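*Asks:* sequence and predicted structure below; questions after.
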Amino acid sequence: MKNKKFLNKENLSNIFFGSNPIPMWIYTTSDKQILEVNDAAVDAYGYSKVEFSHLFYDDFIGEDIPSDFPDYSESELLKQLSIHRASDGSSFVTLMVENPVTYNNKEAMLVRSIRVFN
């Protein structure tokens, strides 16, 4: 049993959030302040964790995909697409999934963002 790894709340959180290859962040529902980001979000968006901590949701999330986008009205999945901005000003389309969470006693949203295309 030498190689058996024990999980606790802290390293479990790191496995599913911090080390997750999918860009993720948590923002408050009240003012949309970014509270936490994982390493994949830092890599995908080009902001450091410190820079992210000074951002609000709307600072890097652009507009929704236009409703005249091909097949938009026929797919619920496409309605979760939005245009995001990286730190260098470039834009890309992501599929975004959000779920409500409580983080440090604050009502918040956990976001997973998967780049679909540039």
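*Replies:* Yep, that arrived.
*Asks:* for residue 118, give me its contacts.
*Replies:* 90-93 (CB atoms under 8 Å, 6 or more residues apart in numbering). For the C-beta atoms, the positions are set from N, CA and C on the backbone; glycine is no exception.
*Asks:* quick one: which of these is nearest residue 19?
*Replies:* residue 92 (22.6 Å; CB to CB).
*Asks:* leaving aside the residues next to it on the chain, what's closest to the closest one?
*Replies:* Take residue 92 and drop its neighbours on the chain: the residue closest to it by CB to CB, 6 or more residues apart in numbering is residue 118, 4.8 Å away.
*Asks:* just for this structure, where's the confidence low?
*Replies:* Filtered on pLDDT under 70, the chain yields the residue ranges 1-12, 63-79.
*Asks:* for it, what's the longest helix?
*Replies:* helix 39-45 (DSSP state H).
*Asks:* which elements pack onto that one?
*Replies:* If you count contacts as 3 or more CB pairs under 8 Å, 6 or more residues apart in numbering; DSSP states H and E, helix 39-45 packs onto strand 24-28, helix 49-53, strand 106-117.
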